[in-house]
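Peer 1: Show me the folded form of this:
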Amino acid sequence: KNWRPQALVMVKVDKTGIPANKDLLHFAGQMKKGRGLLMCIGTIQGDPVHEFDCVNPARENLKKELASYGIDAFCRVIMVQNVFLAFITSFQTMGIGALRPNTIIASWDYYWKGDKSGALAFVDSLKAAMAARRALILFKQSLDGQGQTLLACDSPQTGYIDVWWMVDDGGLLLLIPHLLMLHKVWKQCKLRVFTLLDEDDDDTQFDELKADTEEFLASIRINAEIVVLRLDVSDAETDFKAQDLVIEMQNARKNFRPEEPAEEAPTTPSFKSLKQSPSGKEVADAADTVTSPEEKLKQRQLKRRGSLTNLGVDAAQMRWAVALNSEIHKHSSDAAMVVTNLPLNLDSNASDFLCFTDAITKDIKRCVLIRGSGDEVVTMYG
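Peer 2: Numbering: from 1, shown residues only. Here you go, the predicted model:
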């Protein structure tokens with residue numbers, strides 16, 4: 001269909017207008033390739049009463065910075081006391097008429113472990129964007145690469161863009177890499193799509209899942225190499241790492257809980273979408289009538305989504321996250337970019353979500369986490 005991201009980029013800037021994460025702006029500009037609506041808000045944390053004089057010069061400097069990257073965007077700089085409240089206000093008020101952002105692009109909170117109130121506010125701002133039916137794209141780099149300008153327009157990337165397709169959320173996970181590869185920086189890259197067998201699938205399902213995925217991608221005119229994998233969650237090393245992460249998650253819960261709502265029970269994060277997950281019986285009944293590859297893939301992912309949501313066991317959940325991270329490093333360590341789902345629900349516990357997502361993306365050089373709003377759709381009728 002004709003849905004395209006109309007993006008609002010939220011980036012922290014210093015009092016001179018220099019962005020803290022230049023790669024975030026490069027990524028946003030390359031995704032849009034100079035087309036459509038792109039808005040950029042630079043936030044300066046400070047006192048709006050006594051420090052406001054720096055805002056206008058900072059805005060001019062940020063405009064020059066964007067122009068030097070070849071990015072055409074509507075640009076504003078705001079002075080705020082609370083960056084995350086400004087985030088929520090901005091995506092509600094930016095734009096006019098139909099020219100409003102439907103996609104929020106922001107950076108991951110790298111220092112959430114040392115800033116409890118900031119981490120809670122970060123997760124709440126993401127949930128607010130979800131509640132407002134905005135798509136979310138979070139840019140996350142390894143700490144070694146953070147702050148480096150790796151995606152400059154004069155530095156073409158080579159190799160692969162690897163999509164780890166866990167859950168179908170409207171097609172945005174496939175659309176964003178496709179749009180990136182239209183830009184000269186990413187034009188030389190090839191696309192790989194990794195998809196997982198379910199635990200109860202036997203080895204005969206490998207070929208069937210690969211054929212269904214290939215047929216579906218061909219129908220929407222996306223050319224990609226398909227890789228089908230099975231996660232081994234019983235490995236001793238995986239179990240050992242997961243136990244350490246469970247302890248870390250439990251400590252984070254104790255640290256976060258006083259400021260989290262009392263009625264919010266600690267729940268494990270999952271890839272559950274905004275829509276109600278079907279029961280196992282509903283999935284089985286629907287499978288009986290499924291014929292197209294697109295529907296087969298959707299039912300498979302619905303089943304995985306339901307099983308992840310219903311695990312309810314920290315150890316099992318973290319073993320899955322550690323096993324997935326291990327496979328990503330095994331197959332995508334040299335990838336130019338890794339793209340996967342953002343495992344966030346409106347009812348997610350903040351500390352659990354942050355621990356779980358960090359476990360999946362640990363030490364990945366460059367990762368994009370995406371959560372569709374459910375309104376955007378990529379289908380064979382596009």
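Peer 1: So which residues of the protein form strands?
Peer 2: Secondary structure of the chain (DSSP state E): strands located at 7-12, 38-45, 74-80, 103-107, 135-141, 160-164, 190-196, 225-229, 337-341, 366-371.
Peer 1: For residue 205, find the nearest of these.
Peer 2: Closest approach to residue 205 among the strands of the chain is made by strand 225-229 (8.4 Å; CB to CB). Every residue, glycine included, has its C-beta placed from N, CA and C.
Peer 1: So what are the sheet partners of the closest one and their directions?
Peer 2: strand 190-196 (parallel) (DSSP bridges).
Peer 1: quick one: buried residues of the strand it pairs with?
Peer 2: For strand 190-196, a neighbour-count test (16 or more other CB atoms under 10 Å) marks 191-196 as buried.
Peer 1: right, and the strands of the chain - which one's nearest residue 58?
Peer 2: Using CB to CB, the nearest of those to residue 58 is strand 74-80, at 4.6 Å.
Peer 1: hmm, back to that, same list (the strands of the chain) but as a markdown table, adding mean pLDDT and distance to residue 129.
Peer 2: Converted to a markdown table, those look like this (pLDDT from 0 to 100; distance: least, CB to CB, whole Å):
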| stretch | mean pLDDT | distance to residue 129 |
| --- | --- | --- |
| strand 7-12 | 94 | 9 |
| strand 38-45 | 94 | 13 |
| strand 74-80 | 93 | 17 |
| strand 103-107 | 94 | 5 |
| strand 135-141 | 94 | 6 |
| strand 160-164 | 96 | 22 |
| strand 190-196 | 94 | 26 |
| strand 225-229 | 93 | 31 |
| strand 337-341 | 95 | 16 |
| strand 366-371 | 94 | 9 |
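Peer 1: what comes into contact with stretch 329-340?
Peer 2: 157-166, 173, 176-177, 180, 186, 189, 192, 194, 227, 229, 328, 360-361, 363-370 (CB atoms under 8 Å, 6 or more residues apart in numbering).
Peer 1: Restricted to buried residues, select the residues you listed in ChimeraX.
Peer 2: To isolate in ChimeraX the members of these that are buried, counting by 16+ other CB under 10 Å, one can use:
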select :157,160,161,162,163,164,165,166,173,176,177,180,186,189,192,194,227,229,328,360,361,364,365,366,367,368,369,370
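Peer 1: rewinding a little: please identify which pair of the buried residues of strand 190-196 lies farthest apart.
Peer 2: Farthest pair in these, by CB to CB: 191 and 196, 17.6 Å.
Peer 1: Can you give me the end-to-end span of stretch 142-156?
Peer 2: 20 Å (CA to CA, to the nearest Å).
Peer 1: list the buried ones in the longest helix seen in the chain?
Peer 2: Secondary structure of the chain read by DSSP state H shows that its longest helix is helix 236-256. For helix 236-256, the buried set under the neighbour-count rule, 16+ other CB under 10 Å, comprises 238, 241-242, 245-246, 248-249, 252-253, 256.
Peer 1: Show me what that helix is packed up against.
Peer 2: Where contact means 3 or more CB pairs under 8 Å, 6 or more residues apart in numbering; DSSP states H and E, helix 236-256 is packed against helix 116-131, helix 314-332, helix 350-361.
Peer 1: Just the residues contacting it, thanks.
Peer 2: So helix 236-256 is contacted by 113, 116, 119-120, 232, 266, 314-315, 318-319, 321-323, 326, 349-352, 354-356, 359 (CB under 8 Å, 6+ apart).
Peer 1: Sweet, I'm off.
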